[in-house]
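Enquirer: A predicted structure for the sequence below; I have some questions about it.
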Amino acid sequence: MNKFDRQSSSADIQTLPDDIAEELSRLPSEVISVDDAPSITPPAPLSQDEVRTIVISLMLTMFLAALDQTIVATALPTIGRQFQDVSNLSWVITAYLLASTAVAPVFGTLSDIYGRRAMIITSLSLFVAGSVLCAIAPNMPMLILARGLQGLGGGGIMPVVQTVISDVVSPRERGQYQAYFSSVWMVGGILGPVIGGVFAEHLHWSMIFWINLPLAAAAIVMLLPKMKKIPVFHRKRKVDWLGGILLMASAVVFMLVLTWGGTHYPWLSPTVLAMVGGAVALAVSFVWHARRAEEPFLPLKLLTGSVAPFALTAGGCGLGAITGLTVQLPLYYEQVYHLSASEAGLALIPLAAVSTIGAAVAGRTMARAKHYKRVAIIGTSWAALCGLGLTLTTLPLWGLLMLMATFALGLGTTFPVCVVSLQNSVARPQVGTITGAMNFFRSLMSSFTVAAFAAILLIALGIDVPLAGEHHAAGSVAIPTEDMRHAFRYVFGAATALMTIAALCLIAMEERPLAGPSAKQPVEMAE
């Protein structure tokens, strides 16, 4: 296959539209091929109103996925009582997480093959079908299966939405829009438990699934008519189904290890060790197959180079740190500061809300600054210093919340910089693939961090402790306050280490020019 290089292709690049020519000229030759090049026919430009409509509909679509991550948790006791099955309640959450994590790279890659419109319709259809089946489920096994189906759709929504944004917004402007979606995710995460509790207590638990239908219908009605005008960058090719199956299987087994290890089975039990071996074997098989396939499902070369490995690691560390702390901090608030379960939930708002402010700051900086990664380097370094403060000091509640907020402010800067840098490092027909891979690795990192933080507490305290969704039972665990403070210093230390790694990765990551309006040119926002 003939490759573009920076010298021999200069004449060809000049024949392309300005924004595409700029993008191709700065990409490394090993990433771009003639077959991968975008069409030289420039699409009709989207108006600001059309971009605004697309963004709003995508935000609504993203809200669906964000809401369903948390809305079910507070309704679980009610569901367990109705079905008289409490032992399998955790699978209502686990089935969704397993399915959504496994299919993220699948939908990303398929959007590069069959197009964004087909994949957004498919993911929303699966999500709605799963929601209906969840609402009418007659027993717990059917509810768990339906949640798995819903997870297949939910796992496809996020990478496809982020890919569509990359099609309609230039890389320089894209960071600002990524900040909008971070705020949507935050709002969904905060409102989910509240809405789920209200529906379960005052209406019926099935309403947490029925509510998805009008929201999904509104998103489709707004989005689909405008998608006809979105530039087309996908390229039809043969689908490497074997590679996709190996990748999904390894992810599912690894997620089960993280879910069951230390809870259902001891970490060193034969069952967990066998599952670890199976996950490693499947992953090695995927790599072996990908290196030999003519067009692999996930080209390994996309994960190498001077951008992808560093952006993936930094983004994964950022999301892992905030997820792990969000899961474990309620226990800390309840045991050390004697907050109620609802007060502990409210105390998480500074961590979630301020991180979106950090993302917004980074997004706006990317639209104007030439050296756009500096804001994330400063942010992650600041977060590491705040984490060190949390590790070494004992603070009153107000001081802890303020320091946690400043920690989140720095942490939030990683997300838009890492997402845009990744998408900016590949050719347009591969944006969906790299975006799906990013969401896949972030989900794995989040699950790994939650399990690691729980293991740290277990080792430090010497006893089992209640985890996410079980903090209401914390009062039954006799843990002295000072012991809990001491144990959580290791958790804060682990979060500090993650942010230090993120900062080092951002320093090492190549900073490639972003196509789009000049840094001195004001960027029109879809306010």
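Expert: That came through, no problem.
Enquirer: contacts, neighbours, all on C-alpha from now
Expert: Fine.
Enquirer: can you list the weak-confidence ranges in the protein?
Expert: Low-confidence segments of the chain, defined by pLDDT under 70: 1-47, 231-235, 341, 462-478, 515-527.
Enquirer: Identify the residue nearest the geometric centre of it.
Expert: Asn439 (4.8 Å; C-alpha atoms, centre = their mean).
Enquirer: Sticking with that residue, tell me its helix or strand.
Expert: Assigned by DSSP states H and E, Asn439 belongs to helix 431-461.
Enquirer: mind listing what's buried in that helix?
Expert: If you call a residue buried by 16 or more other C-alpha atoms under 10 Å, then helix 431-461 has these buried ones: 431-457, 460-461.
Enquirer: next one: stretch 111-122
Expert: Ser111, Asp112, Ile113, Tyr114, Gly115, Arg116, Arg117, Met119, Ile120, Thr122.
Enquirer: From those residues, pick the one nearest Val168.
Expert: Set against Val168, the nearest of the buried residues of stretch 111-122 by C-alpha to C-alpha is Arg116 (11.7 Å).
Enquirer: what about the closest one, distance to Tyr337?
Expert: Distance, Arg116 to Tyr337, by C-alpha to C-alpha, to the nearest Å: 48 Å.
Enquirer: and what of Glu343?
Expert: Distance from Glu343 to Tyr337, by C-alpha to C-alpha: 10 Å.
Enquirer: Work out for me the element Phe310 sits within.
Expert: helix 308-336.
Enquirer: could you check the angle helix 431-461 makes with that helix?
Expert: 40 degrees (axes from the mean of the first three to the mean of the last three C-alpha atoms, to 10 degrees).
Enquirer: What residues of helix 308-336 count as buried?
Expert: 308, 310-336.
Enquirer: now stretch 132-139
Expert: Val132, Leu133, Cys134, Ala135, Ala137.
Enquirer: Out of those, which is nearest to Ala408?
Expert: Closest to Ala408, out of all of the buried residues of stretch 132-139 and judged by C-alpha to C-alpha, is Cys134, at 34.7 Å.
Enquirer: where do the helices sit along the stretch 351-500 of the chain?
Expert: Here the stretch 351-500 of the chain has its helices, by DSSP state H, counting those that start in this stretch, at 374-392, 397-412, 414-424, 431-461, 481-508.
Enquirer: Which one, of these, ends up nearest to Met275?
Expert: Judging the helices of the stretch 351-500 of the chain by C-alpha to C-alpha, what sits closest to Met275 is helix 431-461, at 15.0 Å.
Enquirer: Packing partners of the closest one?
Expert: On a contact count with 3 or more C-alpha pairs under 8 Å, 6 or more residues apart in numbering; DSSP states H and E, helix 431-461 meets helix 90-114, helix 140-168, helix 241-260, helix 308-336, helix 414-424, helix 481-508.
Enquirer: Arg52 is nearest to which of those helices?
Expert: Comparison of the helices and strands packed on helix 431-461 against Arg52 by C-alpha to C-alpha identifies helix 140-168 as nearest, at 10.3 Å.
Enquirer: on contacts alone, who are the packing partners of that closest one?
Expert: Right, helix 140-168 is packed against helix 48-70, helix 90-114, helix 116-135, helix 171-202, helix 431-461 by 3+ C-alpha pairs under 8 Å, 6+ apart.
Enquirer: Just send those back as TSV, with distance to Ala497 too.
Expert: Output for these, formatted as TSV (distance: least, C-alpha to C-alpha, whole Å):
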stretch	distance to Ala497
helix 48-70	27
helix 90-114	25
helix 116-135	36
helix 171-202	23
helix 431-461	12
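Enquirer: Determine which of the ones you listed approaches Ala369 most closely.
Expert: Of these, nearest to Ala369 by C-alpha to C-alpha is helix 171-202, at 9.1 Å.
Enquirer: so after that closest one, what's the next helix or strand?
Expert: Using DSSP H and E, the next helix or strand after helix 171-202 towards the C-terminus is helix 207-210.
Enquirer: Format the CA atom coordinates belonging to that following helix as CSV.
Expert: Backbone C-alpha positions of helix 207-210 (Å, rounded to 0.1, in the frame of the first residue of the first chain) are rendered in CSV as follows:
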residue,chain,number,x,y,z
MET,A,207,-39.9,4.4,35.8
ILE,A,208,-36.1,4.6,35.9
PHE,A,209,-36.2,2.7,32.6
TRP,A,210,-39.3,4.2,31.0
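Enquirer: what comes up buried for it?
Expert: Met207, Ile208, Phe209, Trp210.
Enquirer: And the buried residues of stretch 111-122, which is closest to Leu395?
Expert: Ile120 (46.7 Å).
Enquirer: that older thread, return the most buried member of the helices and strands packed on helix 431-461.
Expert: Stretch with highest mean neighbour count among the helices and strands packed on helix 431-461: helix 414-424 (a mean of 27; mean count of other C-alpha atoms under 10 Å).
Enquirer: between it and helix 140-168, how big is the angle?
Expert: 70 degrees.
Enquirer: ok and helix 414-424 relative to helix 481-508, angle-wise?
Expert: Using the same axes, to 10 degrees: helix 414-424 against helix 481-508 is 30 degrees.
Enquirer: any idea of the angle helix 414-424 forms with helix 374-392?
Expert: Using the same axes, to 10 degrees: helix 414-424 against helix 374-392 is 140 degrees.
Enquirer: got a list of contacts for helix 414-424?
Expert: 23, 166, 171, 174-176, 178-179, 307-308, 311-312, 314-315, 318, 359, 362-363, 366, 372-373, 376, 379-380, 431, 434-435, 438, 511-512, 514 (C-alpha atoms under 8 Å, 6 or more residues apart in numbering).
Enquirer: relative to helix 171-202, how tilted is it?
Expert: 130 degrees.
Enquirer: got the CA positions of helix 414-424 in PDB?
Expert: Coordinates of the C-alpha atoms in helix 414-424 are reproduced here as PDB (Å, rounded to 0.1, in the frame of the first residue of the first chain):
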ATOM      1  CA  THR A 414      -6.800  16.100  31.500                       C
ATOM      2  CA  PHE A 415     -10.000  15.100  29.800                       C
ATOM      3  CA  PRO A 416     -10.300  17.500  26.900                       C
ATOM      4  CA  VAL A 417      -6.600  17.600  26.200                       C
ATOM      5  CA  CYS A 418      -6.300  13.800  26.100                       C
ATOM      6  CA  VAL A 419      -9.400  13.300  24.000                       C
ATOM      7  CA  VAL A 420      -8.600  15.900  21.400                       C
ATOM      8  CA  SER A 421      -4.900  14.900  21.300                       C
ATOM      9  CA  LEU A 422      -5.800  11.300  20.500                       C
ATOM     10  CA  GLN A 423      -8.300  12.200  17.800                       C
ATOM     11  CA  ASN A 424      -5.900  14.800  16.400                       C
END
